[in-house]
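# Quick one: sequence and predicted model below, then my questions.
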Amino acid sequence: MNLRQLLRALRARRRVFVVALASVVLAATLASLTMPKSYRATVSLLVDTRDEQSLSDALRPLVLPQERMSYLQTQVDILTSPKVARAVAQELRLAESPGALAALGMRGARSGRTEELLVEVLRRNFKAETSQSSVIQASFTCADPRWAAAIANAYAKAYVDTMLELRVAPTRKAAAWFDEQLKGLRANLEDAQAKLAQAKLAVQAKATQHPESIPQVADNAFVQQLKAELLHGEEKLQELATQYGANHPVYRRQVSENQTLRTRLQTEMRKLAEGAAAAGIEAGPDDALKTGRAGPQAPEETVLVRNVQSAERAYETAMQRYVVSQVDSRASQTNVEVLNPAVAPLKPYRPNIALNIALSLFTGVVLGGILAALLEMHDPRVRSPEDLQSASPVPVLAVLGEEGKRKRARLLLGPPATVLRALPRPQ
């Protein structure tokens with residue numbers, strides 16, 4: 001059946017087509033009018049990928065587009081989670097409100113499972129959508145427009161509170177953990193510093209006992225001058241002993257001068273040795289602590305210094321993490337703001353009568369066409385020369401009442417050559 005035959009069948013069986021179309025449209029209209037109305041309220045939430053009250057976000061100022069989309073999808077999952085729905089039910093006390101239960105279609109709910117059923121109904125009627133922007137559209141649908149707006153706004157508030165809780169709770173735990181770790185790290189640092197101080201005191205004591213072994217002391221110009229004067233005094237003392245004897249006043253005076261030079265030399269060397277040891281210069285007998293090639297205490301001093309440095313780095317790193325966690329745990333706001341609060345809708349979201357009638361018209365046309373085609377296939381009729389030619393190979397000689405426009409028959413005055421050749425020859 002081609003298009004022309006279908007149009008002729010629809011015209012001939014227009015009553016069936018009109019009845020089917022009218023039945024579908026009437027049924028859709030009645031169903032739309034009798035269907036319970038549902039209202040949808042929408043709240044807009046602005047989500048920023050950066051957090052102004054977090055020190056950790058300052059280390060990553062740029063956010064990739066893929067990370068932003070993943071972050072927004074995570075926010076949608078949190079917004080539609082049972083935790084947020086349970087917070088909404090508790091905030092509005094929906095289980096204690098007959099009007100809310102009626103708007104949600106829960107009049108016959110059992111009291112023992114009211115909260116669980118409320119969470120399921122809230123999640124089923126709630127919808128959150130996001131696009132390429134940072135705005136999340138959160139909508140709630142129920143039979144009462146005021147409750148729809150109230151529940152949508154409660155969803156926004158519960159979501160903000162949940163985000164703040166999810167942000168603050170882990171940082172508080174991290175801050176407490178770092179506080180405990182800092183106590184141990186501080187004890188380790190103090191122990192390492194005490195050991196290093198003891199080692200330095202030992203080095204200072206050895207430097208005081210053997211100051212002449214320190215290069216900084218031996219190379220000092222004033223010390224060399226005192227040594228030269230003392231050496232000259234000892235030589236002069238030997239000459240005086242030979243010349244005058246040990247009891248001569250000149251000899252005694254030279255002994256006193258030599259003793260004074262020796263005392264000044266020891267005092268100056270001790271001062272230089274203490275200064276070198278306090279400056280962290282390794283010193284010891286035969287310069288063993290400085291060079292590290294001999295003596296068991298030079299490697300120990302190096303290990304102690306490294307232990308102090310490692311303990312200081314660990315303590316500083318933990319202190320930085322502790323400060324960041326401590327600041328983040330005191331945050332009072334999140335990176336989510338309500339852009340447009342929900343208001344009670346004036347028109348119902350469902351049913352959409354205009355859309356239902358449009359769909360019923362399309363469905364009625366399709367159904368009427370199918371019924372007409374089925375009736376035509378079950379009870380075929382010849383309504384045109386094409387129908388006769390398709391039904392039988394017999395040639396058409398004449399058309400009576402063509403398309404119903406002519407009331408009298410008309411013979412073919414000049415039949416085609418094929419028709420004339422099809423006629424039998426006269427005898």
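Thanks, I have it. Note that this is a predicted model, so its numbers are computed, not measured. Numbering: from 1, shown residues only.
# Domain boundaries for the chain, per the record?
3-32+351-422, 178-321 (automatic domain parsing).
# name the helices or strands packed onto the helix or strand harbouring L361?
Using DSSP states H and E, L361 sits within helix 353-378. When contacts are defined as 3 or more C-beta pairs under 8 Å, 6 or more residues apart in numbering; DSSP states H and E, helix 353-378 sits against helix 3-12, helix 14-34. Using the backbone N, CA and C atoms, a C-beta is placed for each residue, glycine as well.
# tell me the mean pLDDT for that helix?
The average of the pLDDT scores along helix 353-378 is 85.
# hang on, the earlier thing: compare the helices and strands packed on helix 353-378 and say which comes out lowest on pLDDT.
Taking the mean pLDDT of these, helix 3-12 comes last: a mean of 75.
# Return the distance of that helix from the chain's centre.
62 Å (C-alpha atoms, centre = their mean, to the nearest Å).
# follow-up on the earlier one: mean pLDDT for the domains of the chain: which is lowest?
Minimum mean pLDDT among the domains of the chain: domain 3-32+351-422, a mean of 71.
# what's the residue nearest to V18 when sequence neighbours are not counted in contact with, if anything?
In this structure, V18 finds its nearest non-sequential neighbour in G368, 7.3 Å apart by C-beta to C-beta, 6 or more residues apart in numbering. Listed by C-beta atoms under 8 Å, 6 or more residues apart in numbering, the contact set of G368 reads L10, V16, F17, V18, V19, A20, L21.
# again with A128
Listed by C-beta under 8 Å, 6+ apart, the contact partners of A128 are V76, L79, T80, I136, Q137, A138, S139.
# Provide the partner residues of it in its beta bridges.
Beta-bridge partners for A128, by DSSP bridges, are A138.
# Next one: it from I78, what distance?
For A128, the distance to I78 equals 9 Å [C-beta to C-beta, to the nearest Å].
# give me every residue that touches L261.
Going by C-beta under 8 Å, 6+ apart, L261 touches L226, E229, L230, G233.
# of these, closest to Q333?
Lowest distance from Q333 to the contacts of L261 (C-beta to C-beta) belongs to L226, with 73.7 Å.
# The spatially closest residue to that closest one that is not a sequence neighbour: neighbouring residues, count only.
Using C-beta to C-beta, 6+ apart and skipping residues adjacent in sequence, the residue nearest L226 is L265, 4.3 Å away. A count of neighbours around L265, defined by other C-beta atoms under 10 Å, yields 19.
# and L265, what does it touch?
Here L265 is in contact with V223, L226, K227, L230 (C-beta under 8 Å, 6+ apart).
# Would you reformat the residues you listed as JSON lines and include distance to S38?
Formatted as JSON lines, the contacts of L265 follow (distance: C-beta to C-beta, whole Å):
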{"residue": "V223", "distance to S38": "101"}
{"residue": "L226", "distance to S38": "106"}
{"residue": "K227", "distance to S38": "107"}
{"residue": "L230", "distance to S38": "111"}
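# any idea which element the residue nearest to L92 when sequence neighbours are not counted lies in?
In this structure, L92 finds its nearest non-sequential neighbour in A154, 5.3 Å apart by C-beta to C-beta, 6+ apart. Taking DSSP H and E as the criterion, A154 maps to helix 145-209.
# ok now the helix or strand that that helix is followed by, how far from the chain's centre?
Under the assignment DSSP H and E, the closest C-terminal helix or strand after helix 145-209 is helix 215-218. Its chain's C-alpha centre and that of helix 215-218 lie 63 Å apart, by C-alpha atoms, centre = their mean.
# Tell me the buried residues in helix 215-218?
Buried residues in helix 215-218, counting neighbours by 16 or more other C-beta atoms under 10 Å, are found at Q216, V217.
# Please apply the same query to stretch 227-234.
Across stretch 227-234, burial judged by 16+ other C-beta under 10 Å covers K227, L230, G233.
# got the CA positions of that stretch in CSV?
Taking Å, rounded to 0.1, in the frame of the first residue of the first chain, the C-alpha atoms of stretch 227-234 are listed here in CSV:
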residue,chain,number,x,y,z
LYS,A,227,105.7,32.0,72.5
ALA,A,228,108.7,33.8,71.0
GLU,A,229,109.0,36.1,74.0
LEU,A,230,108.8,33.1,76.3
LEU,A,231,111.4,31.2,74.3
HIS,A,232,113.7,34.3,74.5
GLY,A,233,113.1,34.5,78.2
GLU,A,234,114.0,30.9,78.7
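# Double-check that K227 belongs to a helix.
Yes: K227: assigned to a helix according to DSSP: H, G, I helix; E, B strand; the rest coil.
# Name all residues that make contact with it.
With C-beta under 8 Å, 6+ apart, K227 has these contacts: L265.
# same thing with the one 10 residues further on?
For L237, the residues meeting the contact criterion (C-beta under 8 Å, 6+ apart) are Y251, Q254, V255, N258.
# Could you check how far the residue nearest to L92 is from L182?
Distance from A154 to L182, by C-beta to C-beta: 41 Å.
# who has more neighbours, those two?
The residue with more neighbours, out of A154 and L182, is A154; 23 against 17, by other C-beta under 10 Å.
# isn't the more buried one right up against A85?
No: contact between A154 and A85 fails when scored by C-beta atoms under 8 Å: they sit 10.0 Å apart.
# Low-confidence bits of the stretch 1-150 of the chain, can you list those?
Low-confidence segments of the stretch 1-150 of the chain (pLDDT under 70): 1-2, 50-65, 107-112.
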